[in-house]
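Colleague: Kindly return the folded structure for what I paste below:
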Amino acid sequence: MRSQGFTPEVFDGRPVIGIATTWSELTPCNVHLHRVAESVKRGVWQQGGFPLEFPAMGLGETLLRPTAMLYRNLLAMEAEELIRANPLDGVVLLSGCDKTTPGLLMAASSVDLPAIMVTGGPKLNGKYQGADVGSGTAVWRWEEDLVAGRMTQEECYFAEGCMSRSDGHCMTMGTASTMASMAEALGMQLPYSATWPAPDSRRYETAQRAGQVIVGLVEQDLRPSAIMTREAFENAIRVNAAIGGSTNAVIHLLAIAGRLGVPLSLEDFDTLARDVPTLLNLQPSGQYLMEDFCYAGGLPAVMRELAEAGLLNTGAVTVTGAGIGHNVAGAQCWNREVIKPLADPFQPAGTGTAVLRGNLAPEGAVIKQSASSPHLLKHRGQALVFDSPEDYYAVSNDPDLDVDENTVLVVRYCGPRGYPGMPEVSNVALPKKLLVRGITDMVRICDGRMSGTAYGTVVLHVAPEAAAGGPLALAQTGDWITLDVPARALTLEVSEEELDQRRARWQPPAPYARRGWTYLYTEHVQQASAGADLDFLVGGSGHEVGRDSH
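Modeller: Down below sits the predicted model:
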């Protein structure tokens, strides 16, 4: 270590703090994390610690194929081993893009050394043609406008630059913003950390403060297992409902809880969210963006509303050492158009993520009600079934496609095993013949995911997935399907006898890989309803390594 120019006294037994950074130029959301790490180091030095930065996988949602979700568990496994194997007393987790936040939290949970998260923050609001535009959310609309002829390719190129005009992750309430909020709601991130924009000086101030705090966490021996308790996960689920957060939070929170041994089920997301109204008027469910959310009071303002209504476990301990209720007690709201009061919410209680069950999803499926069309939440239609998104897009522009607005689009073999990796492809664009008629939504059902920036009446995470022999594999074009969100039901109107006959004829798809990570992943990945972690990574191994290297 002396070869790096450290003076002798830093080896005097002071806390060694690892800074796990997911910086990568292939991960656009995280390209500024080197600078964030420098701020963390300042705080660690200030408090008498010894900071050492090390890389972990950068998972860029926009570039990785077939999906960043295929590699979330690999990041978690890599980071876990690095944290355990190196002589670290505590760790600061630097994340930003969607999968980097849960991946690092999973790793820290399994090692259970003192840890704190610092997310990189959202982009500044996009500005296009005099209006705010949100990353991801605007893309889906522009894609439809291109297909319908309402936007040219040149206009789209220009609009891209207007949308992505600063460092940071998506500034809509997509998965990145949601998981930053979940880290704060779980108590693993300092108050207000989720919302400061990436270019804001207070993002770096917060990072420096986190560097100071981690040294104190080591001295107090306050570990993730003492912070991310059952009560903390209940808080996170309710906060997710209040902010209109991404459905992807369901999978990630289940996976994190599995690493800690905290009992958490898919049903908890429905039960705990039913009494929580949506308070946040943010895209894709609403109008505003993360920059507006920050200036309106940030996540503490939302959590104070929940706390005062008895919807927050206020005693849950956080990285500050205090209960989360204490942290948010003085939070102020400065813009009631962005953060609505509980007495006059943006959307009423029970409009968050709903968990559906039925013979089409015996282990559950989810739907984001706040981003759905109210008139489609109770719907009966005939299925139009495709075995892949590619099969659908091959015919989606066909003017003779046998489809109308009452059709239920089914796209399958997109689950953890089937794609592989469970990509964000479920919100397939509507058929061109409907778009040109001005139809903007229809019921879609898939065993994959959709981006938290997306919208529409889309049933997601159907479990078991088609590739695992779930009932979704047995659906046929022309079958009637009933969606009844108020009753939490998803029903394939086919007799059990007929389904048994179809099941006997069904053949599983050929494996995607015979070697490498993809083989290991598809052999061991759990279903979405359990968090899609690898079965042998559930739980933790602690931080002790009892053997010497020389």
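Colleague: residues contacting the nearest residue to residue 245 once chain neighbours are set aside?
Modeller: Counting by C-beta to C-beta, 6 or more residues apart in numbering, residue 245 lies nearest to residue 178, which is 3.9 Å off, once chain neighbours are set aside. Quick note: C-beta positions are derived from backbone N, CA and C, even for glycine. In this structure, residue 178 makes contact with 240, 243, 245-246, 248-249, 452, judged by C-beta atoms under 8 Å, 6 or more residues apart in numbering.
Colleague: Ok, residue 346 next?
Modeller: By C-beta under 8 Å, 6+ apart, the neighbours of residue 346 are 244, 277-281, 285-286, 340.
Colleague: Among these, which one lies nearest to residue 416?
Modeller: Sorting the contacts of residue 346 by distance to residue 416 puts residue 244 at the head of the list, at 25.2 Å, by C-beta to C-beta.
Colleague: Measure how far the helix-or-strand element of the chain with minimal mean pLDDT is from the centre of its chain, please.
Modeller: Across the helices and strands of the chain, mean confidence by mean pLDDT, DSSP states H and E is lowest for helix 137-148: a mean of 87. Remark: helix 137-148 is offset 22 Å from the chain centroid, using C-alpha atoms, centre = their mean, to the nearest Å.
Colleague: Alpha carbons of it, in PDB - could you do that?
Modeller: Only the C-alpha atoms of helix 137-148 are listed here, as PDB (Å, rounded to 0.1, in the frame of the first residue of the first chain):
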ATOM      1  CA  THR A 137     -41.200   8.400 -20.000                       C
ATOM      2  CA  ALA A 138     -40.800  10.800 -22.900                       C
ATOM      3  CA  VAL A 139     -38.900   8.100 -24.900                       C
ATOM      4  CA  TRP A 140     -42.000   5.800 -24.900                       C
ATOM      5  CA  ARG A 141     -44.200   8.600 -26.100                       C
ATOM      6  CA  TRP A 142     -41.700   9.600 -28.800                       C
ATOM      7  CA  GLU A 143     -41.400   6.000 -29.900                       C
ATOM      8  CA  GLU A 144     -45.200   6.000 -30.500                       C
ATOM      9  CA  ASP A 145     -45.100   9.400 -32.200                       C
ATOM     10  CA  LEU A 146     -42.400   8.100 -34.600                       C
ATOM     11  CA  VAL A 147     -44.500   5.100 -35.500                       C
ATOM     12  CA  ALA A 148     -47.600   7.200 -36.000                       C
END
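Colleague: what packs against that helix?
Modeller: helix 153-163, helix 432-435 (3 or more C-beta pairs under 8 Å, 6 or more residues apart in numbering; DSSP states H and E).
Colleague: As TSV, those helices with distance to residue 444 and mean pLDDT would be great.
Modeller: Output for the helices and strands packed on helix 137-148, formatted as TSV (distance: least, C-beta to C-beta, whole Å; pLDDT from 0 to 100):
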stretch	distance to residue 444	mean pLDDT
helix 153-163	23	93
helix 432-435	12	94
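Colleague: for those helices, which one ends up most surrounded?
Modeller: Among the helices and strands packed on helix 137-148, helix 432-435 has the highest mean neighbour count (mean count of other C-beta atoms under 10 Å), at a mean of 18.
Colleague: outside of it, which residues touch it?
Modeller: Contacts of helix 432-435 (C-beta under 8 Å, 6+ apart): 144, 147-148, 396-399, 401, 403-405, 429, 442.
Colleague: Buried members of those into ChimeraX, please.
Modeller: Buried residues among those (16 or more other C-beta atoms under 10 Å), as a ChimeraX selection:
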select :144,147,148,396,401,403,429,442
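Colleague: same question for stretch 436-456, mean pLDDT?
Modeller: For stretch 436-456, the mean per-residue pLDDT is 93.
Colleague: How about that stretch, which residues are buried there?
Modeller: In stretch 436-456, counting by 16+ other C-beta under 10 Å, buried: 441-456.
Colleague: repeat for stretch 191-207
Modeller: For stretch 191-207, burial by neighbour count (16+ other C-beta under 10 Å) applies to 191-200, 203-204, 206-207.
Colleague: What of stretch 296-310?
Modeller: 296-307.
Colleague: ok so, going back, mind putting the contacts of residue 346 into JSON lines with pLDDT?
Modeller: JSON lines is the format used below for those (pLDDT from 0 to 100):
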{"residue": "244", "pLDDT": "94"}
{"residue": "277", "pLDDT": "96"}
{"residue": "278", "pLDDT": "95"}
{"residue": "279", "pLDDT": "97"}
{"residue": "280", "pLDDT": "97"}
{"residue": "281", "pLDDT": "97"}
{"residue": "285", "pLDDT": "88"}
{"residue": "286", "pLDDT": "92"}
{"residue": "340", "pLDDT": "98"}
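Colleague: Kindly reformat those residues as TSV containing neighbour count, secondary structure and distance to residue 100.
Modeller: Output for the contacts of residue 346, formatted as TSV (neighbours: other C-beta atoms under 10 Å; DSSP: H, G, I helix; E, B strand; the rest coil; distance: C-beta to C-beta, whole Å):
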residue	neighbour count	secondary structure	distance to residue 100
244	27	coil	22
277	25	coil	30
278	25	strand	26
279	25	coil	27
280	27	strand	23
281	22	coil	27
285	24	coil	24
286	20	coil	26
340	21	coil	30
